[in-house]
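> Sequence plus the predicted model coming up.
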Amino acid sequence: MLRGHNAPIFYLSIAADENRIYSISTDKTVRVWDIKDQTCMLTLRPKSHKIRGDIQGCHYNRVTRSLAIATDQMALLNQRVRPQQHADIVITHKEPVHCCRYNASFKQVVTCSDGSSVKLWEFETGKPVFEFSNAHDDNAITAMQFDNTGRRLITGGRDGKLKVWNYNNGHCLKTLEKEDNDEEVTSINYVEMNKNRYIISVGWDRRINIFTDSNDDFHHVHKPLPKWSDDLKNGHKEDILALASCPPNLLASASYDGEIIVWNLVSGHIYCHLISKKQPESYQPCSLDGDNSICKLVFIDSRVTNKHSAQLIASGPRACVHFWNVYHGGEMYAYFPGSHDSKAAISSMVVSKDGTLLFTADAIGYVKSWNIDGYCLHGHESQPPELIIAWRAHIQSVTSMDLVEENNLILTSSLDCTVRLWTIEGEYVGTFGQQEPWDIYNKATYLHPMVPYDVLVDPQSLPTHPVLDGKPTVGQVIHADSVENGDDGSEEEEEEEEEEERKNDNAVNITNYLGMRTQFVYDDDMIHEELKSKPYSSGKGKRLRHEKLKPRPKDRGGPNAYQNLKCFDLDDTPPPSAPSKQREKSDPFDFANEY
């Protein structure tokens, strides 16, 4: 019997795969129990999770390991699980990394994690420079941007606040807060227009929040400017996930339902609405809403003045890259699948300054490089652009990328707690946090042709092959050429099938460390040849092997070492001296004579 709740239990969930029991009582106390030890591992009281109202329903999701509680509002309690890291896997942060940026002014890389910590790294060597934590208290940092000078860092967190930092010493210069709103910030943009500087943020509040960045205002806490009237009337109906700006006055935002709105920064009016209804034939939705979310928007700055080309690239919906023309009411010029797997959403994108290269990253860690030079430059395109190269950079979703064109390198961060540096050809340079530094000017210090250990051992990193996919048999692949030349090779196939059946009868299944089944075949002929060769005739067996193989000293005659040992007599212990009978009363223990 498990005792601990002080009120009737409202909900109980048994997670056998985790060896845990989750229980909620009517007083909104959550307890986590260990099945084997039959002890309470965790207690969450109403003062800690701050859920108000009477409980109407609960559900535990074993996939995401989160507990959903319904009162007069919906609440989600996520379980923080420390990832089990392998000794050969180098990590950059102890928590998932959401942002990484390259600062060209100081040649440094800044990374932010789910644990509200900010780290600085040397870009040329990968060595750590500085670190400060609790940037947004205990809330994760979800967005990051530099100002126009590159000397200040702007971060946004799940607490709904924005903070401006002198990131070289960890000093907070400003705090930007929305009124009575603590929804998560998903994207930040820094805009300079008409000699005025603005910080624009979007998030789960579904509004465009604009803050002025003026040196004349010495207040530490700043409030946003009044909302645009068009934003309040005709703005987004769902959470805004992406934001992109383009000089002189264009701003684009994308929401969870797949809607893109292009704004005029000067007037605050909506320029056009962009909604895609198309989807590829091979697309398979992996969520109930049809995967309409758009996680990233990118403007091609070199095409803004060309009103007959595509100027905006969107990472969705439905895991497809969309090229849009934002003029004349908006028109889609092309769309194509941009992820390695049709079920994986495109999580990040980056475009080169000249608009010739596009890099996309998906939710399973793959990065692809596309040649978009001249693509959708004069009109619609029915075929996807040329795929230059694709490689797997991480084993989990890639959260952000940054292209360093002066060195032809690219930064990637992921939920697997790592930030890695690659060449634009996909060569692995290193992971920030590793012991051995690299030199970006010396390719001999790159870890290429090696790949990260976690990527190497992950089953999803296996290349596509017809035999691995299970479509044709091995014999069909081997005799594919003979079939094409007119020889069906039926006799050889029959002989191979008989031989394979005979081997399978004597096959021994062994599970390797990756959890995959491997067959080792030992037939009678192999056993006979092995016994005949006797390769282990000099072996002693596993039992008492150490004693049998231990070298023994040779007997050369004469006394042994024990007989040559010298013996010494023990001295008698002298008897203790008798105490003196003459003692002064002032010094009964005779301390004066001792010293």
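Nice, I can see it. Residues are numbered from 1 along each chain as shown.
> Residue ranges in the protein under the pLDDT threshold?
Scanning the chain for pLDDT under 70 picks out 81-87, 279-290, 464-522, 534-561, 579-595.
> okay, which residue is most central for it?
residue 415 (1.6 Å; Cα atoms, centre = their mean).
> quick one: contacts for it?
Contacts of residue 415 were listed using Cβ atoms under 8 Å, 6 or more residues apart in numbering, and they are 96-97, 394, 396-397, 399. Backbone N, C-alpha and C define where each C-beta goes, glycine included.
> hang on, residue 30 packs against residue 46?
No - using Cβ atoms under 8 Å as the test, residue 30 is too far from residue 46 to be in contact (9.2 Å).
> who's more crowded, the two?
residue 30 (22 against 12; other Cβ atoms under 10 Å).
> ranges for the helices of the protein?
46-49, 229-234, 453-457, 466-469, 474-478, 480-484, 490-505, 524-533, 545-549, 591-594 (DSSP state H).
> So which residues make contact with the third one?
Residues lying outside helix 453-457 but in contact with it, judged by Cβ under 8 Å, 6+ apart, are 86, 88-89, 365, 392-395, 416, 461, 514.
> Quick check: the two most widely separated of these?
393 and 514 (20.5 Å; Cβ to Cβ).
> thinking again about what came up before, most neighbours among the contacts of residue 415, which one?
The member of the contacts of residue 415 that has the most neighbours, counting by other Cβ under 10 Å, is residue 97 with 29 neighbours.
> Confirm for me that residue 104 is in contact with residue 150.
Yes - using Cβ under 8 Å, residue 104 is in contact with residue 150, at 6.6 Å.
> quick one: the strands in the stretch 1-150 of the chain?
9-15, 20-25, 30-34, 39-44, 57-61, 66-70, 74-78, 97-103, 108-113, 118-122, 128-132, 141-146 (DSSP state E, counting those that start in this stretch).
> could you check the angle strand 30-34 makes with the fourth one?
Between strand 39-44 and strand 30-34, the angle comes out at 160 degrees (axes from the mean of the first three to the mean of the last three Cα atoms, to 10 degrees).
> Check which residues of strand 39-44 are buried.
Within strand 39-44, the residues scored as buried using 16 or more other Cβ atoms under 10 Å are 40, 44.
> In PDB, list the C-alpha atoms belonging to that strand.
What follows is strand 39-44, C-alpha atoms only, in PDB (Å, rounded to 0.1, in the frame of the first residue of the first chain):
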ATOM      1  CA  THR A  39       8.400   4.800  -2.600                       C
ATOM      2  CA  CYS A  40       7.300   8.300  -3.600                       C
ATOM      3  CA  MET A  41       9.900   9.900  -5.900                       C
ATOM      4  CA  LEU A  42       8.400  13.300  -6.400                       C
ATOM      5  CA  THR A  43       5.600  15.400  -4.900                       C
ATOM      6  CA  LEU A  44       4.100  18.500  -6.700                       C
END
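> now the angle from it to strand 66-70?
Using the same axes, to 10 degrees: strand 39-44 against strand 66-70 is 50 degrees.
> Show me what strand 39-44 is in contact with.
For strand 39-44, using Cβ under 8 Å, 6+ apart, the contacting residues are 2, 4, 20, 29-34, 77.
> do the same with the third one
Counting by Cβ under 8 Å, 6+ apart, the neighbours of strand 30-34 from elsewhere in the structure are 2, 4-5, 19-25, 39-44, 49, 67, 77.
> run the last query once more with 10 Å
2, 4-5, 9, 11-12, 14-15, 18-25, 39-46, 48-49, 51, 58, 67, 69, 77, 79 (Cβ atoms under 10 Å, 6 or more residues apart in numbering).
> now that strand, how far from the chain's geometric center?
Here the centre of strand 30-34 is set off from its chain's centre by 28 Å, with Cα atoms, centre = their mean, to the nearest Å.
> Indicate each strand paired with that strand and its parallel or antiparallel sense.
strand 20-25 (antiparallel), strand 39-44 (antiparallel) (DSSP bridges).
> Next, the buried residues of it.
Quick answer for strand 30-34 (16+ other Cβ under 10 Å): 30-33.
> Now do the end-to-end distance for stretch 15-22.
8 Å (Cα to Cα, to the nearest Å).
> Out of the buried residues of strand 30-34, which is nearest to residue 434?
residue 32 (35.5 Å).
> Okay, strands next: where are they in the stretch 351-500 of the chain?
357-362, 366-371, 386-392, 398-404, 409-414, 419-423, 428-431.
> Kindly provide the distance from residue 152 to residue 136.
Per Cβ to Cβ, to the nearest Å, residue 152 is found 16 Å from residue 136.
> do the same with residue 129
21 Å.
> So which of these two has more stuff around it?
For residue 129 versus residue 136, neighbours defined as other Cβ under 10 Å are more numerous around residue 136 (21 against 15).
> residue contacts, that one?
Counting by Cβ under 10 Å, 6+ apart, residue 136 has contacts 112, 116, 118, 142, 155-163, 185.
> give me that answer again for 7 Å
Contacts for residue 136 (Cβ atoms under 7 Å, 6 or more residues apart in numbering) come out as 116, 155, 157, 159, 161, 163.
> could you flag which of those residues are buried?
Neighbour counting with 16+ other Cβ under 10 Å marks 116, 155, 157, 159, 161, 163 as buried within these.
> re the thing from before, of the contacts of strand 30-34, grab the buried ones for ChimeraX.
Listed next is the ChimeraX selection for buried residues among the contacts of strand 30-34, using 16+ other Cβ under 10 Å:
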select :5,11,20,21,22,23,24,25,40,44,51,58,67,69,77
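> thought residue 254 was touching residue 239?
No - the criterion here is Cβ atoms under 7 Å, and residue 254 misses it with residue 239 at 10.3 Å.
> These two: which has the busier surroundings?
Neighbour count, other Cβ under 10 Å: between residue 254 and residue 239, residue 254 has more, with 29 against 17.
> What sits closest to that one if chain neighbours are left out?
Excluding the flanking residues, the one nearest residue 254 by Cβ to Cβ, 6 or more residues apart in numbering is residue 294, at 3.7 Å.
> for residue 136, same thing?
That would be residue 157: by Cβ to Cβ, 6+ apart, it lies 3.4 Å from residue 136.
> Then residue 326?
residue 262 is the one closest to residue 326 (Cβ to Cβ, 6+ apart), at 4.9 Å.
> Could I get the buried residue list for stretch 130-150?
132, 135-136, 139-146.
> again, but for stretch 386-402
Neighbour-count burial for stretch 386-402 [16+ other Cβ under 10 Å]: 391-402.
> Out of these, the closest to residue 323 would be?
The closest of those to residue 323 turns out to be residue 401 (Cβ to Cβ; 18.8 Å).
> Bridge partners for that closest one, pull those for me.
For residue 401, the beta-bridge partners are residue 412 (DSSP bridges).
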